[in-house]
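Trainee: how would this look folded up:
(chains A and B)
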Number of protein chains: 2
Amino acid sequence: MSTAKPRTPAGTLELLPLDQIAFQDMLDTIRRNYERFGFLPVETPAFELSEMLLTKSGGETERQVYFVQSTGSLKRGEAPELALRFDLTVPLARYVAEHEHALSFPFRRYQMQRVYRGESAQRGRFREFYQCDIDVVGKDELSIRYDAEVVAVIASVFRELAVGRFTIQLNNRKLMRGFFERVGIADVEQQTLVLREVDKLDKRGADYVRRTLTGEGFGLPDERVDEILAFIAMRSSGHAHALDLLAGIGGGNAQLESGLAELGEVLRLVKAFGVPESAYALNFSIARGLDYYTGTVYETILDDHPQIGSVCSGGRYDNLASHYTRSRLPGVGISIGATRLYWQLREAGLIGTAQSSVQVLVTQMDAGLMPVYLDLATQLRQAGINTEVVLDSGKLGKQLKYASKSGIRFAVILGEAEVARSVVQIKDLAKEEQFEVPRAELVKALRVEIEQAQALGELRRGPRGAQP
Amino acid sequence: MSTAKPRTPAGTLELLPLDQIAFQDMLDTIRRNYERFGFLPVETPAFELSEMLLTKSGGETERQVYFVQSTGSLKRGEAPELALRFDLTVPLARYVAEHEHALSFPFRRYQMQRVYRGESAQRGRFREFYQCDIDVVGKDELSIRYDAEVVAVIASVFRELAVGRFTIQLNNRKLMRGFFERVGIADVEQQTLVLREVDKLDKRGADYVRRTLTGEGFGLPDERVDEILAFIAMRSSGHAHALDLLAGIGGGNAQLESGLAELGEVLRLVKAFGVPESAYALNFSIARGLDYYTGTVYETILDDHPQIGSVCSGGRYDNLASHYTRSRLPGVGISIGATRLYWQLREAGLIGTAQSSVQVLVTQMDAGLMPVYLDLATQLRQAGINTEVVLDSGKLGKQLKYASKSGIRFAVILGEAEVARSVVQIKDLAKEEQFEVPRAELVKALRVEIEQAQALGELRRGPRGAQP
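Mentor: As a prediction, the model looks like this:
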């Protein structure tokens, strides 16, 4: 029989089991922190009705959409009725509008699912990737305090992910627009275009932004561009410095003053949420390309790996779901692109291959003792220890090699001699040590070994391992 | 602005948050048990290359495939290069073949992801649904003992799902073919066709099967059909009875004897795995429609809800991935259709709406005390308690109503009077009781309350809640 060379589609990240465990641990950490702050899980179908997903305006992301069609529909030459979601925000808008009367507001949801984009194929660009989003959606209004809570959630997630120092960079769209207005850019459309250029500062540098803003399209005078560049270059270091920076900006118009007040309130509450001041800073060049942000905006960078770019971004918006409902639904939210984050961290050497989720391998010295092996394994599992039993026959050395290669820490060894003496051998494959315990004490002994190794950080704590 | 009526595509199951929590608890229970038995996680992309997914033969499931196409590809009128997976078995075959040299065999993987089928739209039929699969895949050979382990896993999962009594029904394809051979149906093709009819016994009844087998297509003599019907009507009750039934069948040809030996070995080991004998039985009408099963086959029914049909099925196959590799990869596996199972259990009233994953709501009596509320919330979260803080202003009564409606068990209440006395009020919203504790003891008091409620089964144990 001829065979087809097995391969995955371009732009997808498929992992070997031990890497999948590492990735799963990352997702579980994110989920645990989202739940800790009171966010509720939502999942939506991978595909939506095309008419729901695609608006008439159709931004860049919408042009990357994947359409879905059944065999029958394809044969009949119909237009595709379905399309894969390209983010979790449009499905959230549809979800909240559809279930509006069944939900409690402020509605706090998290969603961790894959999204799909027909990106051009290149290294590090994914066509299928996990997004991990939280949003708080209010009805008619939503306190600015939630903008501060989101910062506390981001800080909690990244602290627990243990990927080194990070900074949550804060800005406010009103403050930016108010500032532009003060320097003479009154037209809202032009403010948006300038914002978009300002956002490129960290990537393209000040000279690029200066050339663009003084160039043909914008034609701003040099001194105005100087003023803008000086403004967007501001960064705070520490909480008091951030408040000082805000105080130094001064007022001049309602937008600017509103933005200053919001950002000040967010800063004060972020501190009250117990977020360490090294974890957040003002950065007036953060604008976020998406037009629907109207107030606070966030980007998060890893201090020692700035080249990775923002690992968690989001902001405040005025109205989530105007396409689907007349209710006004303001909200604030952020998104972690987990697939890209995992891939980047692995490339940077910050994430390695995980240990196995299997903690113990019960080896097979003598097929006649199978009932004993199975009984021991059952006891270990009942004690919450993830246990594999060797059921195929084979040499003990080969079995231990399998355990090592598979990242399993402990092996249980037992032959006729041990049975006669009511003992078992435990082999610690990391320490290359072997010791004997009475058979009745196997479970207790392994529990102690596992807990010690976990306490020393030598052994993975399964997030689901603790359950009885 | 005109709005589009928000709706999900037909054949998808989208849940409100508290139902999503109940569903997520079910998935977590399945995952925990899969890991307990040493299975490793794998995830594959939702879409595969069409050429990988679709074989030339193309069974019924393949005709239900959803094709995926980017906007550009659709415009150019190209044939779709991608298709959504319709099960997890074909992706497993592709995965094992693709990563063969990086995997350890026997390879034990679990996979819990959504699959897609262009089913005709009707109640209870899903176009998108979760499958939760385990498979053990050997290289060249795989001991029959794994067929027994799979039964132990199923029993462990369904015991912990706590959905009442269940029976894992066992049969063996070799035994069936050997039996057909003994009654004179020697042709392998015809054996397959008879198997397919026999599989309909439980759904359509004996008369239907008799009519079909004596009718035009098959034309089997009455007495032979009697013999077949008597055989497939056999059911065991208890372990000893199952072994007796096997002993009573007698031999006659190699297939039959091989099937009898395998089934006997599986039964004996299932017992050694500690599976209670009420949880498994022989059922000689179980055939499983899929042609690739070659030995043991499984179906699982809920004893008090037989109308739901099989909630977990699978079997042994000779060669997993002949389309992609020349290596011989025998295996055994099962699948739980979790979306359908959840939906059916809910319809049958066996699953209700979960309590919230949020355990505590810190209410807001006085906005001026916000720093105190935030500090208490931080303390609770650091102690592993999922905590929401009311950040919008509003009346206390409305806040408590929100907690009740949202399924949150405890509210923390604190105003100027409590601050002055260094105490806080805890309200148990289930018991409608309120009591006071010293502020310094809030965390400890709530921990005790939560643990007690969990011990009494009144409060959900978050599977990820235990993590520090």
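Trainee: next, count neighbours for the closest residue to A:Tyr130 other than its chain neighbours.
Mentor: Taking CB to CB, 6 or more residues apart in numbering or on different chains as the measure, A:Tyr130 lies nearest to A:Ala338, with 4.0 Å between them; neighbours along the chain are not counted. Any C-beta I mention is one placed from the backbone N, CA and C, and that applies to glycine too. Using other CB atoms under 10 Å in any protein chain shown as the criterion, A:Ala338 is surrounded by 19 other residues.
Trainee: on the pLDDT front, check A:Ala338 for me.
Mentor: At A:Ala338 the predicted local distance difference test score is 97.
Trainee: thought it was touching A:Asp133?
Mentor: No. At 10.3 Å, A:Ala338 does not count as touching A:Asp133 under the criterion of CB atoms under 8 Å.
Trainee: give the residues shared as contacts by those two.
Mentor: A:Met112 (CB atoms under 8 Å, 6 or more residues apart in numbering or on different chains).
Trainee: shouldn't A:Ile144 be in contact with A:Glu262?
Mentor: Yes. A:Ile144 sits in contact with A:Glu262 when judged by CB under 8 Å, with a separation of 5.4 Å.
Trainee: now do the shared contacts for these two.
Mentor: Between them, A:Ile144 and A:Glu262 have A:295-296 as joint contacts when contacts are counted by CB under 8 Å, 6+ apart.
Trainee: low pLDDT regions in chain A?
Mentor: Within chain A, the stretches with pLDDT under 70 are A:1-2, A:56-61, A:289-290, A:462-468.
Trainee: who does the residue of the stretch 351-468 of chain A found nearest chain B form a beta bridge with?
Mentor: Ranking the residues of the stretch 351-468 of chain A by distance to chain B (CB to the nearest CB) places A:Glu388 first, at 2.9 Å. Using DSSP bridges, the bridge partners assigned to A:Glu388 are A:Leu361.
Trainee: for chain B, what's its nearest residue on the stretch 1-150 of chain A.
Mentor: Closest approach between the stretch 1-150 of chain A and chain B, counting by CB to the nearest CB: A:Gly38, at 2.9 Å.
Trainee: what sits closest to that residue if chain neighbours are left out?
Mentor: The shortest distance from A:Gly38 to any residue other than its chain neighbours is 2.9 Å, reached at B:Glu388 (CB to CB, 6+ apart).
Trainee: what do you get for A:Gln24?
Mentor: Nearest non-adjacent residue to A:Gln24, counting by CB to CB, 6+ apart: B:Pro41, 5.7 Å away.
Trainee: quick one, strands of the stretch 351-468 of chain A?
Mentor: Counting by DSSP state E, counting those that start in this stretch, the segments of the stretch 351-468 of chain A that form strands are A:360-362, A:387-389, A:410-413, A:423-428, A:433-438.
Trainee: the third one pairs with which strands, and in what direction?
Mentor: Which is strand A:410-413. Here strand A:410-413 has these sheet partners by DSSP bridges: strand A:360-362 (parallel), strand A:423-428 (antiparallel).
Trainee: residues contacting the one residue sitting closest to the centre of chain A?
Mentor: Among the residues of chain A, A:Ile336 comes closest to the average C-alpha position under CA atoms, centre = their mean, at 3.2 Å. A:Ile336 makes contact with A:30, A:131-133, A:157, A:311-312 under the criterion CB under 8 Å, 6+ apart.
Trainee: narrow these to those in helices?
Mentor: The helices, defined by DSSP state H, take in A:30, A:157 from the contacts of A:Ile336.
Trainee: for the contacts of A:Ile336, give me JSON lines that also has distance to A:Val96.
Mentor: Shown next, in JSON lines, are those (distance: CB to CB, whole Å):
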{"residue": "A:Ile30", "distance to A:Val96": "22"}
{"residue": "A:Gln131", "distance to A:Val96": "17"}
{"residue": "A:Cys132", "distance to A:Val96": "18"}
{"residue": "A:Asp133", "distance to A:Val96": "13"}
{"residue": "A:Val157", "distance to A:Val96": "23"}
{"residue": "A:Val311", "distance to A:Val96": "26"}
{"residue": "A:Cys312", "distance to A:Val96": "22"}
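Trainee: secondary structure element for A:Val225, which one?
Mentor: In the assignment (DSSP states H and E), A:Val225 maps to helix A:222-232.
Trainee: no further queries at this time; thank you.
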